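In: Structure of the sequence below:
(one chain, ligands or ions: 2)
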Amino acid sequence: MKLSYTPIKINQFQFEITGSKSISNRYLILKALFPNLELKGLSNSDDTQVLQKALSKPLEETKEIDIHHAGTAMRFLTAYLSTIPGSEIILTGSERMQERPIGILVEALRTLGASIEYVKIEGFPPLRISGKSLRKDTISISADVSSQYITALMLIAPSLKNGLTIKLESKVTSKPYLRMTAQALESIGVKVDFDSHSIKVYSQTEIEPTQIAVESDWSSVSYFYSCLALMKTGTFEISTFNKNSLQGDSKVAEFYKLLGIETQFDKESIQLSKIEDFKFPTKIELDLNDTPDLAQTFAVTCLGLGVECVLTGLHTLKVKETDRLVALKNEIEKFGAEVFITTESLHLKLISKLHSEVKIKTYQDHRMAMAFAPLALKTDLEILNPEVVSKSFPDFWEKMNMLGIQ
Ligand SMILES: O=C(O)C1=C[C@@H](OP(=O)(O)O)[C@@H](O)[C@H](O)C1
Ligand SMILES: C=C(OP(=O)(O)O)C(=O)O
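Out: Numbering: from 1, shown residues only. Ligands and ions are numbered 1, 2, ... in the order given. Presented below is the predicted three-dimensional model:
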């Protein structure tokens, strides 16, 4: 899809963004455990729909579940299905999902008593899971590959007889996602003790009828920050958000302040505006260990603005929808810039003028398409397989059209 920009007369834009997929997928598992939980504003993303569909059928009669590209659905269901006595299900996913490691979670669940076998390659989906009651109540787990393994254990913990104590080994990656899980559990009345090296989730059999409204997706908002940073003028009002967000990616507000964007909270929306006479820094250094999903957006905004950046804490990017470090290097360099990557960092060197008519490969990764789209505000480009955005943000292109990106 070729993208070009035709500035439009309106200067103030209003958007409503779909619910957070991370929050939605946590509450879907919790709703499976506690049916009197009522959910509003769930994400319309593929990743949420695929989980919702999997959980809508009687699991005792289900033979196979295919969760396509959804990492959270894969990890959360691995834990959840392990706890359903009488079920025997093959849990599989897309080709890429079959390359994303799951051994750490499977080992932890086996230690708790789960029965899980690898159908093809040791350590990777697909899995054959025979559900049973898990008996142990303490587990140690490596926390530096994916926080989703730990979230998966936390979500099933209330259903275990004695709850679960999870001891975190090594440096914890994507930590705000663990806080999000703890807060989701607490919001329905489950007790959680959370400290830097261990998490204890207490057992709970029932909850009071509870209604939850899912907050909009902060990772999706990052693309609007990028657009505004690359536009000459404008203000955006985006809903629906809470000042005390459960989402670690709300940090995007702090990061884009470094690129001249001010964020104000107003009841349930955020207002983004450009800081007047802002002087751009020549170089920015950021540690994104807590917020890995913002890396692509931020790197591409810096490319568009001609700001050198060094991003660290990116060791998990190689096991996401694609190897995002390599994908970023390949695609950014097509514009004439130089990118240096290590296993956990990316360094983007300055260039004076962006090459135009570049074709961006998206590697089946929604965030590659969405991160590069705002560059259309600066130069004509083409995004290959633009439909990938539906993994987290199906209305993305519609929203870009409203800004004049066609
Ligand atoms: O728990 C979650 O909802 C997520 C955790 C993060 O993954 P990792 O913990 O694997 O970094 C993040 O990248 C992903 O998009 C969503
Ligand atoms: C990494 C992501 O998702 P997941 O791991 O859930 O597939 C993402 O949405 O950027």
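
In: list the contacts for the residue of the stretch 201-350 of the chain found nearest ligand 1?
Out: Ligand 1 sits closest to residue 316 of the stretch 201-350 of the chain, with a gap of 4.3 Å, by CB to the nearest ligand atom. Quick note: C-beta positions are derived from backbone N, CA and C, even for glycine. The neighbours of residue 316, taking CB atoms under 8 Å, 6 or more residues apart in numbering as the test, are 145, 146, 173, 174, 292.

In: Can you list the buried residues in the host helix or strand of residue 104?
Out: In this assignment (DSSP states H and E), residue 104 forms part of helix 103-112. For helix 103-112, burial by neighbour count (16 or more other CB atoms under 10 Å) applies to 104, 105, 106, 107, 108, 109, 112.

In: so what does it touch, helix or strand wise?
Out: helix 71-82, strand 115-118, strand 138-142, helix 147-156 (3 or more CB pairs under 8 Å, 6 or more residues apart in numbering; DSSP states H and E).

In: Show me what from the chain comes close to ligand 1.
Out: Residues of the chain lying close to ligand 1 (CB under 6 Å from any ligand atom) are 22, 72, 146, 147, 148, 151, 173, 174, 177, 292, 293, 316.

In: which one of these is nearest residue 185?
Out: residue 151 (10.1 Å; CB to CB).

In: The closest residue to that closest one other than its chain neighbours: what secondary structure?
Out: Counting by CB to CB, 6 or more residues apart in numbering, residue 151 lies nearest to residue 181, which is 4.4 Å off, once chain neighbours are set aside. When classified by DSSP: H, G, I helix; E, B strand; the rest coil, residue 181 comes out as helix.

In: how many neighbours does residue 181 have?
Out: 30 (other CB atoms under 10 Å).

In: Begin at 668, not 1, for the rest of this chat.
Out: Happy to do that; since the first residue is 668 now, the last one works out to residue 848.

In: Name all residues that make contact with the residue nearest to residue 965 when sequence neighbours are not counted.
Out: With sequence-adjacent residues excluded and distances taken as CB to CB, 6+ apart, residue 965 is closest to residue 922, at 6.1 Å. Contact analysis of residue 922 by CB under 8 Å, 6+ apart lists 892, 953, 958, 961, 965.

In: what separates the third one from residue 762, distance-wise?
Out: Relative to residue 762, residue 958 is positioned 27 Å away (criterion: CB to CB, to the nearest Å).

In: Just the strands from the stretch 768-917 of the chain, written as ranges.
Out: For the stretch 768-917 of the chain, applying DSSP state E, counting those that start in this stretch gives strands covering 782-785, 794-797, 805-809, 831-836, 859-861, 865-868, 877-880, 902-906.

In: Turn those strands into JSON lines, columns for distance to residue 720.
Out: Shown next, in JSON lines, are the strands of the stretch 768-917 of the chain (distance: least, CB to CB, whole Å):
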{"stretch": "strand 782-785", "distance to residue 720": "22"}
{"stretch": "strand 794-797", "distance to residue 720": "17"}
{"stretch": "strand 805-809", "distance to residue 720": "29"}
{"stretch": "strand 831-836", "distance to residue 720": "27"}
{"stretch": "strand 859-861", "distance to residue 720": "29"}
{"stretch": "strand 865-868", "distance to residue 720": "27"}
{"stretch": "strand 877-880", "distance to residue 720": "20"}
{"stretch": "strand 902-906", "distance to residue 720": "27"}
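
In: Could you export the ones you listed to JSON lines, including columns for mean neighbour count, distance to residue 1005 and mean pLDDT?
Out: Formatted as JSON lines, these follow (neighbours: other CB atoms under 10 Å; distance: least, CB to CB, whole Å; pLDDT from 0 to 100):
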{"stretch": "strand 782-785", "mean neighbour count": "16", "distance to residue 1005": "41", "mean pLDDT": "98"}
{"stretch": "strand 794-797", "mean neighbour count": "20", "distance to residue 1005": "41", "mean pLDDT": "98"}
{"stretch": "strand 805-809", "mean neighbour count": "17", "distance to residue 1005": "34", "mean pLDDT": "97"}
{"stretch": "strand 831-836", "mean neighbour count": "18", "distance to residue 1005": "37", "mean pLDDT": "97"}
{"stretch": "strand 859-861", "mean neighbour count": "16", "distance to residue 1005": "42", "mean pLDDT": "97"}
{"stretch": "strand 865-868", "mean neighbour count": "21", "distance to residue 1005": "42", "mean pLDDT": "98"}
{"stretch": "strand 877-880", "mean neighbour count": "15", "distance to residue 1005": "45", "mean pLDDT": "97"}
{"stretch": "strand 902-906", "mean neighbour count": "18", "distance to residue 1005": "32", "mean pLDDT": "96"}
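
In: Just the CA atoms of the helix holding residue 771, as PDB, please.
Out: Extracted C-alpha coordinates of helix 770-779, given in PDB (Å, rounded to 0.1, in the frame of the first residue of the first chain):
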ATOM      1  CA  GLY A 770       9.900 -23.900  27.400                       C
ATOM      2  CA  ILE A 771      10.300 -21.700  30.600                       C
ATOM      3  CA  LEU A 772       6.600 -21.700  31.100                       C
ATOM      4  CA  VAL A 773       6.100 -25.300  30.300                       C
ATOM      5  CA  GLU A 774       8.800 -26.300  32.700                       C
ATOM      6  CA  ALA A 775       7.200 -24.200  35.500                       C
ATOM      7  CA  LEU A 776       3.800 -25.700  34.800                       C
ATOM      8  CA  ARG A 777       5.200 -29.200  34.800                       C
ATOM      9  CA  THR A 778       6.800 -28.600  38.200                       C
ATOM     10  CA  LEU A 779       3.400 -27.600  39.400                       C
END
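
In: re the thing from before, tell me which of the helices and strands packed on helix 770-779 sits nearest to residue 1023.
Out: That would be helix 738-749 among those, by CB to CB, at 34.2 Å.

In: Would you list the strands that the next helix or strand after that closest one pairs with, along with their directions?
Out: Using DSSP H and E, the helix or strand that follows helix 738-749 in sequence is strand 755-759. Partner strands and pairing direction for strand 755-759 (DSSP bridges) are strand 731-733 (parallel), strand 794-797 (antiparallel).

In: These: which one's closest to residue 878?
Out: Closest to residue 878 of the strands paired with strand 755-759 is strand 731-733 (CB to CB; 27.7 Å).

In: No further queries at this time; thank you.
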